[in-house]
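# here is my input, please return the structure:
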Amino acid sequence: ALNGVPTCASPWLLQTVARDEWGFDGYVTSDCDADAEVYVHHHYLNHSKAEVVRDVLKAGTDVDCGNFVPSNARAALKSNLITVGDIDKRLS
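Modelled structure (predicted):
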């Protein structure tokens, strides 16, 4: 975490710094199981698994090195926390 925010859930780090300021145009891959750690150990904002999926996707994490996002994306979609467009954005 950086300043209390897990890096894979930080829009400031992934979007503002990496993409906007540095011009990074590649894929952001989390450390293996980092997305799950946001939920399991960080208890970031006490969010549900589906909310953590939203957090990491909307922050700018493109690839989950693990199975947390794929395992919980359907629940996030059904809860209207993310859209198919959010997933497509991470895949493009």
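
# roughly how far apart are the spatially most central residue of the chain and Tyr44?
Residue closest to the average C-alpha location in the chain (Cα atoms, centre = their mean): Val56, at 1.3 Å. Going from Val56 to Tyr44 by Cβ to Cβ, to the nearest Å gives 10 Å. (Each C-beta comes from the backbone N, C-alpha and C, glycine too.)

# likewise for Phe24?
Relative to Tyr44, and taking Cβ to Cβ, Phe24 is found at 23 Å.

# neighbour count winner among those two?
Using other Cβ atoms under 10 Å as the criterion, Phe24 and Tyr44 rank with Tyr44 on top: 19 against 14.

# contacts only, for the residue nearest to the centre of the chain.
By Cβ atoms under 8 Å, 6 or more residues apart in numbering, the residues touching Val56 are Cys8, Ala9, Ser30, Asp35, Val38, Asp64, Val69.

# list just the nearest of those to Thr83.
Closest approach to Thr83 among those (Cβ to Cβ): Val69, at 14.5 Å.

# so that closest one makes contact with Arg54?
No: the pair Val69 / Arg54 is not scored as a contact, 10.1 Å apart, by Cβ atoms under 8 Å.

# neighbour count for these two, which is higher?
Between Val69 and Arg54, counted using other Cβ under 10 Å, Val69 has the larger neighbour count: 24 against 21.

# name the residues that touch stretch 33-51?
Contacts of stretch 33-51 (Cβ under 8 Å, 6+ apart): 1, 5-9, 52-53, 55-56, 61, 64-66, 68-69, 72, 75-76, 79, 81.
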